[in-house]
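J.: sequence? don't have it. structure:
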């Protein structure tokens, strides 16, 4: 399993995590999942979790989901995953992440240390929902006009 995305898209994910710090930042991955899974855009969100929990939890509301679906449709893309940050923690999924994840989606988790995005890894929940498996991230070069 490989997830492809451009350096620009990865930079946008990192910037969102840095701007949300010291809280978790999150959003949707928009793209295509045909011969391979390719992220073509992101749909960043505000963290809707209550103030006291935002440092280690994010919440995507049904309204957020609907807005992301509409934006994906507008761009002729699909929702293929979620990205979120782990402030001052490793970029591995937590048990909370596993409990709320969907098996189809890719989950990019970015470790943000002291306000700076350090590294991102991608994960997919297996069908029986028992665990995540890591998905290789392949960074593509920008296409020249």
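T.: Here it is on my side, so go on. The structure displayed is predicted, hence computed values, not measured ones.
J.: enumerate every residue touching the residue nearest the centre of the chain.
T.: Centroid-nearest residue in the chain, with C-alpha atoms, centre = their mean: residue 83, separated by 1.0 Å. Residue 83 sits next to 13, 16, 26, 27, 28, 29, 42, 107, 108, 109, 110, 120 when contact means C-beta atoms under 8 Å, 6 or more residues apart in numbering. Every residue, glycine included, has its C-beta placed from N, CA and C.
J.: closest to residue 68 out of those residues?
T.: Ranked by distance to residue 68 (C-beta to C-beta), these are led by residue 28 at 4.2 Å.
J.: run me through the strand neighbours of the helix or strand in which the closest one is found, direction for each.
T.: In this structure, residue 28 sits in strand 26-33 according to DSSP states H and E. Under the criterion DSSP bridges, strand 26-33 sits next to strand 37-45 (antiparallel), strand 78-87 (antiparallel) in its sheet.
J.: ranking the ones you listed by burial, who's on top?
T.: Stretch with highest mean neighbour count among the strands paired with strand 26-33: strand 78-87 (a mean of 23; mean count of other C-beta atoms under 10 Å).
J.: check which element follows that one along the chain.
T.: Assigned by DSSP H and E, the successor of strand 78-87 is helix 95-100.
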